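*Asks:* the following block contains a protein sequence and its predicted model.
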Amino acid sequence: MHTFEFTRPKDPVAAVAVAAKSKTAQQGADIRFIAGGTTLLDLMKLNVETPDRLVDINRLPLDKIESTRDGGLSIGATVRNSDLAQHARVQKDYPVLSQAILVGASAQLRNMATTAGNLLQRTRCMYFRDTAMACNKREPGTGCPAITGSNRGLAILGTSEHCIATNPSDMCVAMAALEATIHVQGPKGSRAIPFGEFHLLPGNTPQRETVLEPGDLITHVTLPPPITGSKQVYLKLRDRASYEFALASAAVVMTIAGGNVTRARIALGGVGTKPWRSSEAEAALVGQPANQATFRKTAEAALRDARPQSENKFKVELAKRCLAHALQMATA
Amino acid sequence: MSNNEGSGLSVDASRDGQTSRREVVIASAPARIATSATARPISRVSLNVNGAVREIELDARATLLDALREHLHLTGTKKGCDHGQCGACTVHINGRRVNSCLTLAVMHDGDTITTIEGLGTPDALHPMQAAFVEHDGYQCGYCTSGQIMSAVALLKEPCGPSDADVKELMSGNICRCGAYPNIVAAIQQVRKSD
């Protein structure tokens, strides 16, 4: 691990001011916020992340879960994943979020990981995590050895010729389906970022994963008012029964009336380079009868643009079955 | 404690005032000099460990695990993977189970830490320790302190009644010897007796 200076700012304004001096907020950032540290320290031990300065935000007043005026929910940046998953309002009104968090990581990690940190969780691609390997995300221009190499766990949606790394977060898939908003305080003031606009596709700049700029501090995430009568399911498929990343996962938030789907928000995990909100699936569902035939057509639509890698053609069918099954579970 | 005569380095376990082989190795590792003149920024941190306040000076890079083992000589907590994947390093911070390898000591100034040494003594075992002995919940013992710390924390977390529920919540602690069935039995016994 490279040496660094450790600082603990007294308030968010001071935290933003310190981090604003960083050359980038993306891969290679020289100044990093640290909250739970479960991604950052993991990568610092591998020298994939090499900040000169760590800014500890754990003791800033960003740790509350509160109802918002419109009946939605505000989730502080440093709320621990375990607290978020167990919160009464989340379990009652946004159960897909609770389900998603509880099938992720381990109990110890959920006690440490934070909302903001989980939004910024980084790929598990073995080439990214190994500084002996080339990697366009870690060192732009060096190439992507995964494309012709070991890629079983990597992405089939949103890839480019420069990067096929999967986004591994479960929480993010649920938040995408819940249409969360990410609130950021930066050097120029505050702004609200719709969830789907926060994470970037790799394109030809895989080192840029989010829209954050130097100094940007995620302060909280808001969820819109709960949809009355919505059925919510998070289904995660993986090699081990627990404590393993998704091969494919699906978050479903669906409303059914008179046997037809009246509203649907669908997101996929384990298969995309970013948390994968599927407008194709939603379009295939709304107005259709809530039955297996519809669900299978929906799954086909969601994966129509999938481009499998040499070792993960199975993910296309697996993701389809995952989504179809999650939709079926949501009607129960 | 032995001498590695070939290299000329002493491999004494770290004691105050003596230089261990490990410390010499670390001192010789390349250190990035950023804006300050200090090659290895030293930080002070105060930790309440097993009921006693301990003040330590350490490299900011030291994880809580490193601080407990190398600075405080509380070697009951183990380093298995150092990446939060095995759970052997599980301790309690302010009552919650965490992987001590994935957090920095300097982040926990003023926090309350409990390690396996703080759970019970040989003469007064914690009920979970006693249950592990009764159910033969270990073989080599390397994962055991992490398993016990994790299991004790689980008692205060929402957990369904079945063995499957316990296994799910204990999935962050792995055991190469395969003592899992006995570990689950020990935990279930303590849960039922509470």
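*Replies:* Thanks, I have the structure now. Numbering: from 1, shown residues only, chains lettered A, B, ... in the order given.

*Asks:* going forward, measure contacts between C-alpha atoms and count neighbours the same way
*Replies:* Will do.

*Asks:* need the residues of the stretch 151-300 of chain A near chain B, please.
*Replies:* Proximity of the stretch 151-300 of chain A to chain B (C-alpha under 8 Å from any C-alpha of the partner chain) is limited to residues A:Ser242, A:Tyr243.

*Asks:* count the neighbours of A:Pro226 for me.
*Replies:* 17 (other C-alpha atoms under 10 Å in any protein chain shown).

*Asks:* quick one, phi psi at the residue nearest to it when sequence neighbours are not counted?
*Replies:* Counting by C-alpha to C-alpha, 6 or more residues apart in numbering or on different chains, A:Pro226 lies nearest to A:Asp93, which is 5.6 Å off, once chain neighbours are set aside. Taking degrees, to the nearest 10, you get phi -100, psi -20 for the backbone angles of A:Asp93.

*Asks:* count of neighbours near A:Asp93?
*Replies:* There are 19 residues near A:Asp93, going by other C-alpha under 10 Å.

*Asks:* Three-state assignment for the closest residue to A:Tyr127 other than its chain neighbours, please.
*Replies:* Distance criterion C-alpha to C-alpha, 6+ apart; nearest residue to A:Tyr127, sequence neighbours excluded, is A:Met133 at 5.6 Å. Each residue gets one of three states, and A:Met133 gets coil by DSSP: H, G, I helix; E, B strand; the rest coil.

*Asks:* pLDDT value on A:Met133, please?
*Replies:* Looking at A:Met133, its pLDDT stands at 98.

*Asks:* same question for A:Leu60.
*Replies:* At A:Leu60, pLDDT is 98.

*Asks:* so the residue in the stretch 101-250 of chain A positioned nearest to chain B, which of the three states?
*Replies:* The stretch 101-250 of chain A approaches chain B most closely through A:Gln108 (4.3 Å), counting by C-alpha to the nearest C-alpha. Three-state call for A:Gln108 (three-state DSSP): helix.

*Asks:* same thing with A:Tyr243?
*Replies:* On the basis of three-state DSSP, A:Tyr243 is classed as coil.

*Asks:* so A:Lys45 makes contact with A:Gly37?
*Replies:* No - between A:Lys45 and A:Gly37 there is no contact under C-alpha atoms under 8 Å: 11.3 Å.

*Asks:* between the two, which has more neighbouring residues?
*Replies:* The neighbour comparison of A:Lys45 against A:Gly37 (other C-alpha under 10 Å) goes to A:Gly37, with 22 against 16.

*Asks:* next one: that one, what pLDDT does it get?
*Replies:* On the pLDDT scale, A:Gly37 gets 98.

*Asks:* report the contact partners of it.
*Replies:* A:Met112, A:Ala113, A:Gly117, B:Leu102, B:Thr103 (C-alpha atoms under 8 Å, 6 or more residues apart in numbering or on different chains).

*Asks:* nearest to B:Ala185 among the residues you listed?
*Replies:* B:Ala185 lies nearest to A:Met112 out of those, by C-alpha to C-alpha, at 27.2 Å.

*Asks:* now do the contacts for that closest one.
*Replies:* Counting by C-alpha under 8 Å, 6+ apart, the residues that A:Met112 touches are A:Gly36, A:Gly37, A:Thr38, A:Arg80, A:Asn81, B:Val98.

*Asks:* among those residues, which are in strands?
*Replies:* If you go by DSSP state E, these have B:Val98 in strands.

*Asks:* save the contacts of A:Met112 as CSV, and put in distance to A:Phe4 too.
*Replies:* Converted to CSV, those look like this (distance: C-alpha to C-alpha, whole Å):
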residue, distance to A:Phe4
A:Gly36, 17
A:Gly37, 14
A:Thr38, 17
A:Arg80, 25
A:Asn81, 27
B:Val98, 23
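
*Asks:* write a PyMOL command that selects only the buried members of the contacts of A:Met112.
*Replies:* Burial among the contacts of A:Met112 is assessed by 16 or more other C-alpha atoms under 10 Å in any protein chain shown; the matching PyMOL selection reads:
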select buried, (chain A and resi 36+37+38+80+81) or (chain B and resi 98)
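
*Asks:* so which bits of stretch A:69-78 are buried?
*Replies:* Buried-residue list, stretch A:69-78, by 16+ other C-alpha under 10 Å: A:Gly72, A:Leu73, A:Ser74, A:Ile75, A:Gly76, A:Ala77, A:Thr78.

*Asks:* check stretch A:309-325 too.
*Replies:* A:Gln309, A:Asn312, A:Lys315, A:Val316, A:Leu318, A:Ala319, A:Lys320, A:Arg321, A:Cys322, A:Leu323, A:Ala324, A:His325.

*Asks:* if we check chain B, which of these are in contact?
*Replies:* Near chain B, by the rule C-alpha under 8 Å from any C-alpha, you find none of the buried residues of stretch A:309-325.

*Asks:* which one of these sits closest to chain B?
*Replies:* A:Cys322 (21.0 Å).

*Asks:* ramachandran angles for that closest one?
*Replies:* According to degrees, to the nearest 10, A:Cys322 has phi -60, psi -50.

*Asks:* what segments of chain B are strands?
*Replies:* B:3-4, B:9-10, B:42-49, B:52-59, B:90-93, B:96-99, B:112-114.

*Asks:* to A:Glu139, which of these lies closest?
*Replies:* It is, among the strands of chain B and with distance given as C-alpha to C-alpha, strand B:52-59, at 28.0 Å.

*Asks:* wait, A:Lys137 sits on A:Pro206?
*Replies:* Yes - with contact defined as C-alpha under 8 Å, A:Lys137 reaches A:Pro206; the gap is 4.7 Å.

*Asks:* check contacts around A:Ala267.
*Replies:* A:Ala267 makes contact with A:Val173, A:Ala174, A:Ala176, A:Ala177, A:Ala250, A:Ala251, A:Val252, A:Pro275, A:Trp276, A:Arg277, A:Ser278 under the criterion C-alpha under 8 Å, 6+ apart.

*Asks:* what about it, which SS state?
*Replies:* Strictly by three-state DSSP, A:Ala267 counts as strand.

*Asks:* residue of chain B closest to chain A, please.
*Replies:* B:Val98 (4.3 Å).

*Asks:* nearest residue to that residue other than its sequence neighbours?
*Replies:* A:Gln108 (4.3 Å).

*Asks:* give the contact list for the one you found.
*Replies:* B:Gly87, B:Thr90, B:Arg97, B:Val98, B:Asn99, B:Ser150, B:Gly172.

*Asks:* that concludes my questions; thank you for your assistance.
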